[in-house]
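[1] Show me the folded form of this:
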Amino acid sequence: MINIRSRQEIEQMRQAGIIVAEVHGLLEKMIRPGVTTIELDEAAEAHIRAKGGEPAFKGYGGFPASICSSVNQQVVHGIPGNVQLVEGDIISIDTGVQLNGYYADAAKTFPVGNISAQAQRLIDITRKSFYEGIKFAREGQRLSDISHAIQECAEREGFSVVRNYVGHGIGTAMHEEPQIPNYGQPGKGPRLKAGMVLAIEPMINEGTYHVKVLSDGWTVITMDSKNSAHYEHTLAITEGDPEILTVSNAG
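    Numbering: from 1, shown residues only. Okay, the predicted model is just below:
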C-alpha cells in the first residue's frame with residue numbers, strides 16, 4: 001500500500017528535510033583533500049542531534065554511521081572511516097533524518113578539490129537525470145514514467161543506471177512502498193496521487209551498471225571500478241508541481 005500523507009504530515013517531513021539539506025551544506029564546506037569520512041560523519045551526527053533530530057541511518061539494519069560516504073567507484077552505503085580524501089576524488093553523501101516520527105532522505109555527490117572533466121560530467125548528468133525524472137512526478141502519471149526519464153537522460157550521455165538499488169516511498173518509516181527503479185519502460189506501475197511522498201535517487205555509473213557488495217556487507221562498488229554518482233531528494237506529489245522537501249530555508 002502506498003501511503004497518502006496529509007499536509008500536516010508533509011510539513012513534518014519538510015522540517016526533517018531542512019536538517020538533511022543543512023547537513024549537505026555543512027559537509028560540502030568540509031570536503032577537501034585530507035579530511036576523513038569519519039570526520040564528516042561526526043559533524044553530520046552532531047548537527048542532526050543539535051537540531052533535535054535523530055540520524056535515521058545510524059543503526060538502521062545495523063549500519064554503523066549517520067551518513068553513507070561513497071568514494072569514487074563506491075556506489076552507495078560506503079561506511080565512514082579513517083581514510084583521507086584526496087584531490088580528484090568524488091564522494092557521495094547520503095543521509096537521513098527522523099524528526100518527530102517522520103523521515104526525510106537525500107544524497108548528493110561532491111568533488112574533492114579539482115576533479116577530471118569526466119568526473120564532473122558524471123556528477124552533472126546524475127543531477128540532471130533526477131530533474132528529468134521529476135518532470136513526471138505529477139498526479140496522474142505512472143510511476144515508471146519517472147524511471148524511464150532518468151534512464152533516458154543517463155544513457156543518452158553514455159552512462160549507465162544501477163539496477164540493483166532503487167528509490168522508495170518514505171514517511172513514518174525510512175523505506176515504504178513503492179519501490180522506484182531508475183530504469184524501465186514508461187506507462188507502468190501505480191498512478192501518482194497527491195499526498196504520495198517519494199525518495200527518488202538516481203545512481204549513475206561511468207561504465208557498466210553491474211555492481212557488487214564488499215565483504216563489509218554494506219559498501220556497493222562498480223564491477224569495473226569506474227566512478228559512480230548519486231543524487232536524491234525526498235519530494236511530495238501535489239496537484240501541481242512536485243514539492244522537494246529536502247531543501248534548506250535558504251533554498
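
[2] rest of the way, CA atoms for contacts and neighbours
    Will do.

[3] Residue 160 is in contact with residue 211, isn't it?
    No: assessed by CA atoms under 8 Å, residue 160 is found out of contact with residue 211, at 11.3 Å.

[4] Tally up the residues packed near residue 242, please.
    19 (other CA atoms under 10 Å).

[5] from what I can see it touches residue 200, true?
    No: assessed by CA under 8 Å, residue 242 is found out of contact with residue 200, at 11.7 Å.

[6] Spit out the residues that contact these two alike.
    Common neighbours of residue 242 and residue 200, using CA atoms under 8 Å, 6 or more residues apart in numbering, are residue 235.

[7] Now the terminal residues of stretch 44-62, how far apart.
    Distance across stretch 44-62, first residue to last, is 18 Å (CA to CA, to the nearest Å).

[8] Not counting that stretch itself, show me its contacts.
    Contacts for stretch 44-62 (CA under 8 Å, 6+ apart): 16, 19-20, 23, 26-27, 63-67, 95-100, 103, 174.

[9] how about it: buried residues?
    Of the residues in stretch 44-62, 44-45, 47-48, 53-58 count as buried by neighbour count, 16 or more other CA atoms under 10 Å.

[10] In strands, which of those residues appear?
    Under the assignment DSSP state E, these contribute 54-55 to strands.

[11] and the buried residues of stretch 44-62 as TSV, adding distance to residue 183?
    Conversion of these to TSV gives the following (distance: CA to CA, whole Å):
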residue	distance to residue 183
44	31
45	33
47	34
48	33
53	33
54	32
55	29
56	27
57	25
58	29
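
[12] May I see the buried residues of stretch 44-62 organised as TSV, with distance to residue 122 and pLDDT added?
    Putting the buried residues of stretch 44-62 into TSV (distance: CA to CA, whole Å; pLDDT from 0 to 100) gives the following:
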residue	distance to residue 122	pLDDT
44	25	98
45	28	98
47	29	98
48	29	98
53	32	98
54	31	98
55	28	98
56	28	98
57	26	98
58	28	98
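
[13] Can you name the residues that contact the residue lying closest to residue 125 once chain neighbours are set aside?
    Of all residues not flanking residue 125 in the chain, residue 154 sits nearest, at 6.5 Å (CA to CA, 6 or more residues apart in numbering). Neighbouring residues of residue 154 by CA under 8 Å, 6+ apart: 125-126, 129, 160-161, 204.

[14] Residue 154 belongs to a helix?
    Yes: using DSSP: H, G, I helix; E, B strand; the rest coil, the assignment for residue 154 is a helix.

[15] Can you mark which positions in stretch 144-163 are buried?
    So stretch 144-163, judged by 16+ other CA under 10 Å, has buried residues 144-155, 159-163.

[16] ditto for stretch 25-33
    27-28, 31-33.

[17] Save those residues as JSON lines, and put in secondary structure too.
    Putting the buried residues of stretch 25-33 into JSON lines (three-state DSSP) gives the following:
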{"residue": "27", "secondary structure": "helix"}
{"residue": "28", "secondary structure": "helix"}
{"residue": "31", "secondary structure": "coil"}
{"residue": "32", "secondary structure": "coil"}
{"residue": "33", "secondary structure": "coil"}
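
[18] ranges for the strands of the stretch 51-200 of the chain?
    Counting by DSSP state E, counting those that start in this stretch, the stretch 51-200 of the chain has strands at residues 54-55, 67-71, 74-76, 90-99, 102-111, 160-161, 167-169, 176-180, 197-200.

[19] Mind listing the strands the third one pairs with, and their directions?
    To tie it back to what came earlier, the one meant is strand 74-76. Using DSSP bridges, strand 74-76 pairs in its sheet with strand 220-222 (antiparallel).
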